[in-house]
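Peer 1: with the input below, show me the fold.
(one chain, ligands or ions: 1)
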Amino acid sequence: MCGIVGYLGERPVMPVLIKGLQRLEYRGYDSSGIAIVGGPTSSTEARANALQLFKRKGKVQDLIDHIGGAKPEGKVGIGHTRWATHGAPNDLNAHPHRSGNGRLALIHNGIIENYHAIKESLIQRGHTFESDTDTEVLVHLIEEILAGGDCDLFKAVRLALSEVDGAYAIAVVDATSPGEVVVARKSSPLVLGIGDGEYFIASDATPIVEYTKNVVYLEDEEVARISLEDGLKILTINNNTVTPVIEALEVEIEAIEKGGYEHFMLKEIHEQPRSIADCLRGRVRLDHGKITMAGIDDHTEMWTQAQRVIIVGCGTSWHAGLVAEYLFEDFARIPVEVEYASEFRYRNPVINKGDIVIAISQSGETADTLAAIRMAKERGAHIFGVCNVVGSSISREADSGAYTHAGPEIGVASTKAFTAQVTVLALLALRVGWLRGEVDSAMLARMMVELQAIPDKIEVLLSQEEKVREIAKAYCQAPNALFLGRGYNFPVALEGALKLKEISYIHAEGYPAAEIKHGPIALIDEDMPIFFVATQDAHYEKVVSNMQEVKARGGRIIAVVTRGDTQAAALANHVIEVPKTADALVPLLSTVPFQLLSYHIAVMLERNVDQPRNLAKSVTVE
Ligand code: M6R
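Peer 2: Sure thing, here's the model as predicted:
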């Protein structure tokens, strides 16, 4: 959830840290801070006091204002942007946290689960604490181990971490040793950028990409010492040597900037024609009449024999999983269960030989999804990852998988990642259906043509943005909203409601349209906007009947309909048309108006669209 950043090298440290924090702010934004060491002091004693630390509640801009004209100098620094878990968002709980002697500073993303017990024993040994965080305990523990002598910072961090339960990505600096940073990770991401005589540390590649494309992904339970003198050394917590593997980043700087849009979310909505085209590229082979996906083609027998697919994910990714349930049933004829990763991981699921678990995650770092696949893997399932972030934990721990290729998604509300996930899952279901003999050449050819046409159809949809904005204006003051759909559009209704609530803070619920008779219909009156997805698919007539029921009770209906529709349109107060496509691909289109609608409502309500309250992009704590 939090973002961590660090730098060692000849550049002025503070601007690198601040820019890094701004890039990472989407991960958590309730407070932030930096610590810089190695300023122009000479004696060891003076250096011990030379930890230049600034932290502030609020956005990174509040930190910048707090730093004001101060110009902390040094060659080494660390920074943190926080999403609070233990302790309220305030100045004291902001990271970095200092050791009792003020010599060490530490930043942390994750949760130290046994912090209470460690804290109690540290208090008994005379430690006092400034904050309510779990993190501060860790820096005191490292301090105590260092004070015991016979040990440098690198070793002290390993020893301290061996006492810790939980998840962490940390970076620690020592004012008396100003040319080094010690970092470590377990279940929270950490990337090291390797430049020419300089090093970068970050939770993800976004703060690194403009400086270097060479990165090392730290693995779980690895601890690294990065030193301006001695370079990079990695050991496991148990002291085994690890040879760093340098990988090349494929992200371009333009992909992580707003490119003229007011918000990342709007940019990302408009990127969908391109992101879907990227997702299809090389996979839909119209010339060969087939779909190719390396992640499946390397395991054709497994997919042919599969008895069951279990899909795990959270939030929007879980919604993509619900769409996949329909896709797999329609095309591959494999029984599918879709599970919230957070529930699945704590159940005692029956996993049989031949079961495949598909983990869907934009970030590839969601703690619950990661834990779910670890549990399923232990029980013998094959894990297939559908991730967007290349090199992320889930993508690396999965046995096979397919990237969504949507490009970096910075807005907290997931948009292009969702449509790219659905695209990959459609390809997957079709490919597996073909392998199992459930999809014939004619069907495959038709679906491939339909898929190829989706980017242009989304362009058509996006050209109606002004109309969606007008609808947003009419309903932005509504306190509640319902989203209804059936079949492939049921997950779209859930996703529409999630989008609206997370960025506008308007209470919204999504239901299968027929379910309203079992309770929610009681909510309907002339003040309640009801967003129907009533495209001309297998459920069209049924949905029209549900619209009649709502209309009869005075509900105000906004309907997403197929272009040229008259029947459903006649029942609605407002209509948004989507181009015709195959039923199975409708979610790729019908979801877009709801993204735009939520965006414009949130803007009209002056919400922080890209960083909505209480949320964070990557949920790396359970
Ligand atoms: O990175 P993931 O796809 O695993 O994230 C899962 C959810 O946290 C995420 O989809 C969340 O629901 C979105 N912010 C919704 O827009």
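Peer 1: going by C-alpha atoms from here, please, whenever you check contacts or count neighbours.
Peer 2: OK.
Peer 1: surely His127 meets Asn101?
Peer 2: No. Using Cα atoms under 8 Å, His127 makes no contact with Asn101, being 10.0 Å away.
Peer 1: the two - which one has more neighbours?
Peer 2: His127 (16 against 10; other Cα atoms under 10 Å).
Peer 1: tell me the spacing between the more buried one and Lys119.
Peer 2: 8 Å (Cα to Cα, to the nearest Å).
Peer 1: with Gly321 instead?
Peer 2: Gly321 is 41 Å from Lys119, by Cα to Cα.
Peer 1: higher neighbour count, the two?
Peer 2: With neighbours defined as other Cα under 10 Å, Gly321 and Lys119 compare such that Gly321 has more, 31 against 20.
Peer 1: any regions of the protein where pLDDT drops low?
Peer 2: For the chain, the stretches with pLDDT under 70 are 39-49.
Peer 1: for the stretch 501-622 of the chain, what lies in contact range of the ligand?
Peer 2: When proximity is defined as Cα under 6 Å from any ligand atom, the stretch 501-622 of the chain approaches the ligand at Lys617, Ser618, Val619.
Peer 1: need these in TSV (columns: neighbour count).
Peer 2: Shown next, in TSV, are those (neighbours: other Cα atoms under 10 Å):
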residue	neighbour count
Lys617	24
Ser618	22
Val619	22
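Peer 1: which one of those residues is nearest to Leu228?
Peer 2: Nearest to Leu228 out of these is Ser618 (Cα to Cα; 30.7 Å).
Peer 1: find the nearest non-adjacent residue to the closest one, please.
Peer 2: Met1 (5.2 Å; Cα to Cα, 6 or more residues apart in numbering).
Peer 1: what is the neighbour count of that neighbour?
Peer 2: For Met1, using other Cα under 10 Å, the count is 29.
Peer 1: show me what contacts it?
Peer 2: Counting by Cα atoms under 8 Å, 6 or more residues apart in numbering, Met1 touches Arg27, Gly28, Arg82, Trp83, Asn109, Gly110, Ala616, Lys617, Ser618, Val619, Thr620, Val621.
Peer 1: one more time with 10 Å
Peer 2: Going by Cα atoms under 10 Å, 6 or more residues apart in numbering, Met1 touches 24-29, 81-85, 109-110, 188-189, 203, 365-367, 615-621.
Peer 1: quick one: which of the residues you listed sit in strands?
Peer 2: Applying DSSP state E to the contacts of Met1, the entries found in strands are Thr81, Arg82, Asn109, Gly110.
Peer 1: show me what contacts the residue lying closest to Pro189 once chain neighbours are set aside?
Peer 2: Distances taken as Cα to Cα, 6+ apart place Ser203 nearest to Pro189, at 5.5 Å, with adjacent residues excluded. Neighbour list for Ser203: 1-6, 20, 24, 27, 80, 109, 169-170, 188-192, 217 [criterion: Cα under 10 Å, 6+ apart].
Peer 1: which helix or strand lies directly C-terminal to the helix or strand containing Thr369?
Peer 2: Here Thr369 is covered by helix 367-378, with elements defined by DSSP states H and E. Proceeding N to C from helix 367-378, the next assigned helix or strand is strand 382-387, under DSSP H and E.
Peer 1: residue boundaries of the helices in the stretch 201-350 of the chain?
Peer 2: Taking DSSP state H, counting those that start in this stretch, the helices of the stretch 201-350 of the chain run over residues 264-270, 272-280, 294-297, 300-305, 315-327, 341-344.
Peer 1: tell me which residues in the third one are buried?
Peer 2: So that's helix 294-297. For helix 294-297, the buried set under the neighbour-count rule, 16 or more other Cα atoms under 10 Å, comprises Gly295, Ile296.
Peer 1: residues touching Glu459, list them.
Peer 2: His270, Glu271, Gln272, Pro273, Arg274, Leu589.
Peer 1: which bits of the stretch 201-350 of the chain sit near the ligand?
Peer 2: Cys314, Gly315, Thr316, Ser317.
Peer 1: quick check on those residues: which are buried?
Peer 2: Neighbour-count burial (16+ other Cα under 10 Å) applied to those gives Cys314, Thr316, Ser317.
Peer 1: turn those residues into TSV, including distance to His382.
Peer 2: Putting those into TSV (distance: Cα to Cα, whole Å) gives the following:
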residue	distance to His382
Cys314	19
Thr316	23
Ser317	19
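Peer 1: identify the residues contacting the residue in the stretch 151-300 of the chain that the ligand sits nearest to.
Peer 2: Scanning the stretch 151-300 of the chain for proximity to the ligand using Cα to the nearest ligand atom identifies Met265 as nearest, at 10.1 Å. Neighbouring residues of Met265 by Cα under 10 Å, 6+ apart: 258, 271, 409-416, 595-596, 599, 609-611.
Peer 1: one more pass at 7 Å, please.
Peer 2: Shown in contact with Met265 (Cα atoms under 7 Å, 6 or more residues apart in numbering): Gly411, Ala413, Asp610.
Peer 1: neighbour-wise, give me the winner out of the residues you listed.
Peer 2: In terms of neighbours by other Cα under 10 Å, the contacts of Met265 top out with Ala413 at 28 neighbours.
Peer 1: count the neighbours of Ala202 for me.
Peer 2: Counted with other Cα under 10 Å, Ala202 comes out at 28.
Peer 1: does the nearest residue to it once chain neighbours are set aside belong to a helix, a strand or coil?
Peer 2: Taking Cα to Cα, 6+ apart, and ignoring the residues beside it in sequence, Ala202 has Val5 as its nearest neighbour in space, at 4.3 Å. Per DSSP: H, G, I helix; E, B strand; the rest coil, the secondary structure class of Val5 is strand.
Peer 1: measure Val5 to Val460 for me?
Peer 2: Taking Cα to Cα as the measure, Val5 falls 40 Å from Val460.
Peer 1: Val139 is in what secondary structure piece?
Peer 2: helix 135-147.
Peer 1: can you give me the buried ones in that helix?
Peer 2: Buried residues in helix 135-147, defined by neighbour count with 16+ other Cα under 10 Å: Thr135, Glu136, Val137, Leu138, Val139, His140, Leu141, Ile142, Glu143, Glu144, Ile145, Leu146.
Peer 1: same check on stretch 552-560?
Peer 2: Under 16+ other Cα under 10 Å, the buried positions of stretch 552-560 are Gly555, Arg556, Ile557, Ile558, Ala559, Val560.
Peer 1: so how far does that stretch reach from one end to the other?
Peer 2: End to end - Cα to Cα - stretch 552-560 spans 19 Å.
Peer 1: ok, stretch 289-302 next?
Peer 2: The first residue of stretch 289-302 is 23 Å away from its last residue (Cα to Cα).
Peer 1: and whichever strand or helix holds Glu466, what's buried?
Peer 2: Glu466 belongs to helix 465-475 when assigned by DSSP H and E. By neighbour count with 16+ other Cα under 10 Å, helix 465-475 contains the buried residues Glu465, Lys467, Val468, Arg469, Ile471, Ala472, Tyr475.
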